[in-house]
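Peer 1: A structural model of the following input is requested.
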Amino acid sequence: MQETNANKPVAAEEADTTVAVMSTGMGTGTVKNFDLNRRYGFITQDDGTEVFVHQEALLDGTVIARGDRVSFQVTEGPKGPRAASVRKL
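Peer 2: You can find the predicted model right below:
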């Protein structure tokens, strides 16, 4: 009988999937797209790079749409740059 990975114990360092979120500063940009149903989208920063944004990052019931100018905190998320504390300008 062949043993599968599911039956093997996992070392503590392998089991930890916590991702550190580090602030990389404030940014401004333009909403590239935002899907209200999926609750996420992307912001193009003024330097041309894109940042992921989730609805939970929008402050005070802010609603954003394509073309809106926004300011936000840039953090490092599990898959790259992520916006936090997003406000319309």
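Peer 1: ok, what's across the strand from the nearest residue to Gly25 once chain neighbours are set aside?
Peer 2: Distance criterion CB to CB, 6 or more residues apart in numbering; nearest residue to Gly25, sequence neighbours excluded, is Val74 at 5.6 Å. Glycine gets a C-beta too; all of them are placed from N, C-alpha and C. Beta bridges link Val74 to Gly25, Ala83 when assigned by DSSP bridges.
Peer 1: Give me the local confidence score for Val21.
Peer 2: Predicted confidence (pLDDT) at Val21: the value is 44.
Peer 1: scratch that, Gly61
Peer 2: Reading off the model, Gly61 has pLDDT 85.
Peer 1: quick one: it is in a helix?
Peer 2: No - using DSSP: H, G, I helix; E, B strand; the rest coil, the assignment for Gly61 is coil, not a helix.
Peer 1: Quick check: the residue nearest to Gly25 vs Asp47, distance?
Peer 2: Distance check for Val74 against Asp47: by CB to CB, to the nearest Å, it reads 11 Å.
Peer 1: where along this structure do the helices fall?
Peer 2: 12-15 (DSSP state H).
Peer 1: give the contact list for the nearest residue to Phe42 once chain neighbours are set aside.
Peer 2: Spatial nearest neighbour of Phe42, excluding adjacent residues (CB to CB, 6+ apart): Lys32 at 4.5 Å. Residues near Lys32 by CB atoms under 8 Å, 6 or more residues apart in numbering: 41-44, 50, 66.
Peer 1: Pull out the buried residues from these.
Peer 2: Buried members of the contacts of Lys32, counted by 16 or more other CB atoms under 10 Å: 41, 43.
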